[in-house]
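Trainee: Quick one: sequence plus predicted model below, questions after.
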Amino acid sequence: MKRIVPIGPYHPLQEEPEFFKLIVEGEKVVDLEINIGYNHRGHEFLAQKMTYDQVTFLVERICGICSDSHPYAFVLAVEDVAHVEPPPRAQYIRTIIGELERIHSHYLWLGLAGHFIGYNTVWMWVWRYREPLLDIFELIMGNRNHYAINKVGGARRDILPEHYGQIDKYLDLLEEKNTMFTKAVLDDPVIRARLENVGVLSKEDAIAYAVLGPTARGSGCAIDVRKDDPYDAYDKVDWDEIVFDEGDVLAKAKVRLLECFESIKIVRQCLRDMPDGPIETRVDEITPGEGICRHEAPRGEVFHYVRSDGSNMPARHKIRAPSFMNIPSNVVAVKGYSIADAALVLAAVDPCYCCTDRTVVLEDGKKKLTGKDLLRLSWQKTERLRRRYRR
Amino acid sequence: MKKEYSKEILDEIGAKYPQASVKIHAPRRIYIRVARDDVHELAKFLFMEKGYRLSIATGIDKRDGMEIIYHFSHDPSGTYYNIKTLVPKDDLKIKSLADFLPAANWIEREIHELLGIDFVGHPNLIPLLTAEVWPADLHPLRRDYADEHKELKVEKTKEDR
């Protein structure tokens, strides 16, 4: 008998509310329907009524977790329209903030994934070491989130030389802890059993659904805007692209963990090589034309297209967040796995997945399971595995 | 080595579609304008044979019609090949890419509801972003929408009341 397990549609703590309708037979997921749009705010429409400087702040509000990526991609797109070259110091500053943000976003995901499979220690530890990073953001830009560092033609704030030491100190701590987390995740047989061969997205499906970021790199597609289409300081530093072929949740987790090491490497090199000088160029006029730019956000490529008619407002502004491409791939990734795994698989692409808090299972019009039950199912499976490994 | 667009692919497209016009905005940003009927075939050629990735499509309401830009990304060279086409306003139809490219599914649904362009052959052309009670013939990203519907009130459903 087919039953429907609805996950969603809204969680007040994170943005991106989604509604997943899992169609299950017994314990097995046979199909998935996805509904989005509960939080459609009409950013593209609003952007056409604002000046270029205002839009930078507007697009920063699209996402709370990766709030640097949208304004970053937007200012790059406007610079592409007008052929503006920001000064080198500004390029390095923007790169540093972009990479630090990747670390904090990956840690957020890792903590939530740990919580979801019943490893609350992982959750607490990871978030503990995410916290000093937010303090560094506050130190540099005055805000723990929504940093407003990007500006058409440069950066809005400088990283002061007296702050280099603190950033370095944090990077040392992070490198040590990240090694610990990587070992903990890879060596733990229970975590391995929960993540390995679960939610496999094959390379063919990854290409067909045009997935991005760690989701693609976990499935063997070497797509990384920072390597493919380098911007700002990314072609001036030395780092490696992390790619795994397995396509399961473990591969995606490994990509994210190892990417943090690369981010640390990039930030260190940037701090070492950062030239002195101005942090912005004066932009008098945005010439008529069109521009495209993309930034590798923690979840994948953020795409911004800007068309200018020569006025102080964009004539058309198209925004594409990476989750827009990643979420549809869940339809193939989740099929055939149990409900206990489903929540984890849906979370593997790193959408807002706290939505599961509001899960209810309806049978004959009555509530049967709630979000907590789904969490409980997942925890029970981990517990069973733990017991098996103990023996 | 600095990455750049490949001249061969532009020659190949130029040989196939002689009337296509190519604009090179930057070394990695190419705009190609083709006729509406050629888009499906060209997209299929780029995706199936050349392995390009459909990043997204943009719909724009212009004075002389609706413009759709299909942004194809060639990742090894980091180049965007943007296929532009114009759909006349009295015949808002274009062939869907979703028959060979699952990624186009959501992209076309979004353009369909925001601009009202009909994608012929799309398997499931239902609204993606707007609310369930949103009128089907009202397209919020059109130019005339903002002036005409300043006072728009969506009728509430029973549960909302």
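Mentor: Thanks, I have the structure now.
Trainee: Name the residues that touch stretch A:132-143?
Mentor: Identification of contacts with stretch A:132-143 by C-beta atoms under 8 Å, 6 or more residues apart in numbering or on different chains yields A:97, A:100, A:103-104, A:107, A:144-145, A:147-149, A:157, A:159-160, A:163, A:166-167, A:170, A:173-174. To be clear about C-beta, it is placed using only N, CA and C from the backbone, and glycine gets the same treatment.
Trainee: now those: which count as buried?
Mentor: A:97, A:100, A:103-104, A:107, A:145, A:147-149, A:159, A:167, A:170, A:174 (16 or more other C-beta atoms under 10 Å in any protein chain shown).
Trainee: want to throw those residues into JSON lines with secondary structure, distance to A:Val243 and pLDDT?
Mentor: Shown next, in JSON lines, are these (DSSP: H, G, I helix; E, B strand; the rest coil; distance: C-beta to C-beta, whole Å; pLDDT from 0 to 100):
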{"residue": "A:Ile97", "secondary structure": "helix", "distance to A:Val243": "25", "pLDDT": "92"}
{"residue": "A:Leu100", "secondary structure": "helix", "distance to A:Val243": "23", "pLDDT": "92"}
{"residue": "A:Ile103", "secondary structure": "helix", "distance to A:Val243": "19", "pLDDT": "92"}
{"residue": "A:His104", "secondary structure": "helix", "distance to A:Val243": "23", "pLDDT": "89"}
{"residue": "A:Tyr107", "secondary structure": "helix", "distance to A:Val243": "21", "pLDDT": "91"}
{"residue": "A:Asn145", "secondary structure": "coil", "distance to A:Val243": "30", "pLDDT": "83"}
{"residue": "A:Tyr147", "secondary structure": "coil", "distance to A:Val243": "29", "pLDDT": "87"}
{"residue": "A:Ala148", "secondary structure": "coil", "distance to A:Val243": "33", "pLDDT": "87"}
{"residue": "A:Ile149", "secondary structure": "coil", "distance to A:Val243": "29", "pLDDT": "90"}
{"residue": "A:Ile159", "secondary structure": "coil", "distance to A:Val243": "31", "pLDDT": "90"}
{"residue": "A:Ile167", "secondary structure": "helix", "distance to A:Val243": "28", "pLDDT": "91"}
{"residue": "A:Tyr170", "secondary structure": "helix", "distance to A:Val243": "27", "pLDDT": "91"}
{"residue": "A:Leu174", "secondary structure": "helix", "distance to A:Val243": "23", "pLDDT": "91"}
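Trainee: Those residues: which two are farthest apart?
Mentor: Spatial extent of the buried ones among the contacts of stretch A:132-143 (C-beta to C-beta) is set by the pair A:Ala148 and A:Leu174 at 23.9 Å.
Trainee: and B:Ala136, helix, strand or coil?
Mentor: coil (DSSP: H, G, I helix; E, B strand; the rest coil).
Trainee: Neighbours of the residue lying closest to it once chain neighbours are set aside, how many?
Mentor: Of all residues not flanking B:Ala136 in the chain, B:Pro127 sits nearest, at 7.5 Å (C-beta to C-beta, 6 or more residues apart in numbering or on different chains). When neighbours are counted by other C-beta atoms under 10 Å in any protein chain shown, B:Pro127 registers 15.
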